[in-house]
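Chemist: This is a predicted model, with the sequence first.
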Amino acid sequence: MSCDQLTEHRLSLSAVCNTSNTELESLFEELVMNGIVHKYPAVSLSSFKGDTSLAGCDVIRWNNDPNPTLGDVRQAVRDCCVLPMLSREIHQSSPIVRSVLIAGVHGSGKHTLANAVCTELGATLFDLTSANIVGKYPGKSGLTMLLHLVNKVARLLQPSVIFIEDAEKTFMKKVPKTDKTDPKRLKKDLPKLVKAIAPTDRILLLGISCCPWDCDQKSLTATYGKIIVIPRPDYASLYHIWNDLLFQYSGLSRKFDVSTLAKLSDGYSVGTIIKVLQEVMTCKRVLQLTIRPLMHVEILNTLARHDPVYKEEEEAFNQWYSRTPLGRRKQKALDAEEERRILENEKHSVTK
């Protein structure tokens with residue numbers, strides 16, 4: 001968040017509450033000094049690359065459930081996290097979304113989406129990740145004070161995003177001995193914090209996770225009302241990503257075949273693709289593009305040194321989501337729709 005945006009928040013919101021400017025600034029400064037409130041990279045939501053599925057309607061017509069694409073994820077994040085909190089008027093007329101969990105494999109773009117939500121809203125970010133609050137505000141009284149400060153300042157500097165990385169760790173059944181961050185510290189208080197968010201509050205709890213099944217599922221799904229799973233990039237998204245990343249280099253031939261890379265990189269995450277390009281397109285290599293054209297083998301050799309998203313890992317996310325309340329409701333709706341179509345077909349056959 002920029003200094004101008006923070007100043008605007010302070011002037012507009014402190015004027016309508018009992019907290020004075022001096023008190024608000026002192027509370028805000030304390031959270032900044034302790035690293036609870038910190039800057040985030042300015043990232044637009046459009047920087048999360050990926051195409052929307054254009055064949056989704058046809059797939060539904062064939063009685064199948066279309067697989068989501070990265071473009072669908074971007075739209076879901078916009079609908080759940082950004083649009084409802086853009087203004088007080090929109091927020092009051094939108095369905096209440098208090099908490100969202102974004103799940104996906106390493107390198108799928110979870111941090112990019114979290115930063116994009118904050119950037120699009122110009123929000124104040126409160127980082128309650130266990131690794132960030134370890135050793136800060138110790139003891140039960142210290143935790144009470146921390147949550148009191150976050151609750152108070154978040155309401156004064158709306159819109160606010162309360163961010164938690166590795167969201168599943170908060171509700172782990174058994175913490176590994178090697179983990180010294182006390183991840184279960186917020187286990188009892190986090191659900192209360194979410195419930196305390198009033199319909200008029202533009203406050204969002206945003207968690208990200210790469211292993212959402214490694215915890216007590218009842219507590220996790222009770223805390224996070226919406227769940228967005230980032231799928232493996234499909235061909236259209238991979239083509240879009242490679243095209244955008246490669247053709248930012250002016251020395252690259254416009255005839256470079258991107259479709260080949262999109263096919264051969266199937267199964268790799270967006271983060272891996274970006275890392276591969278950073279390794280290949282060094283400053284020296286970029287300067288040589290006009291005299292030594294880029295070859296596919298350069299990228300593919302580097303790509304082969306990285307692990308793809310294995311089918312077992314992708315299947316683990318699908319199975320986990322199918323067992324969540326949202327997944328069960330979705331399956332129930334699909335079953336009801338299929339039953340309706342069967343009845344309609346039987347009715348038409350009897351009529352004929």
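Modeler: That came through, no problem. Numbering: from 1, shown residues only.

Chemist: With R232 as the reference, measure out to Y310.
Modeler: 10 Å (C-beta to C-beta, to the nearest Å). To be clear about C-beta, it is placed using only N, CA and C from the backbone, and glycine gets the same treatment.

Chemist: Quick check: neighbours shared by those two?
Modeler: G267 (C-beta atoms under 8 Å, 6 or more residues apart in numbering).

Chemist: what are the ranges of the helices in the stretch 151-300 of the chain?
Modeler: Ranges of helices in the stretch 151-300 of the chain, per DSSP state H, counting those that start in this stretch, are 189-195, 217-223, 235-246, 258-264, 270-280, 283-287, 296-303.

Chemist: Please identify which of the ones you listed is closest to G104.
Modeler: helix 270-280 (9.7 Å; C-beta to C-beta).

Chemist: Mind giving me the packing neighbours of the closest one?
Modeler: helix 235-246, helix 296-303 (3 or more C-beta pairs under 8 Å, 6 or more residues apart in numbering; DSSP states H and E).

Chemist: H296: how many residues sit nearby?
Modeler: The number of residues packed around H296, counting by other C-beta atoms under 10 Å, is 13.

Chemist: which one is it nearest to, not counting chain neighbours?
Modeler: Excluding the flanking residues, the one nearest H296 by C-beta to C-beta, 6 or more residues apart in numbering is T260, at 5.9 Å.

Chemist: Surely that neighbour and V297 touch.
Modeler: No: using C-beta atoms under 8 Å, T260 is not in contact with V297, being 10.7 Å away.

Chemist: Give me the more crowded residue out of these two.
Modeler: T260 (13 against 8).

Chemist: now the more buried one: how far from D307?
Modeler: Taking C-beta to C-beta, one finds T260 at 21 Å from D307.

Chemist: ok, L83 to P95 distance?
Modeler: L83 is 10 Å from P95, by C-beta to C-beta.

Chemist: by contact count, what packs against the longest strand along the chain?
Modeler: In the chain, taking DSSP state E as the definition, the longest strand is strand 203-209. When contacts are defined as 3+ C-beta pairs under 8 Å, 6+ apart, strand 203-209 sits against strand 99-103, helix 110-121, strand 160-164, helix 189-195.
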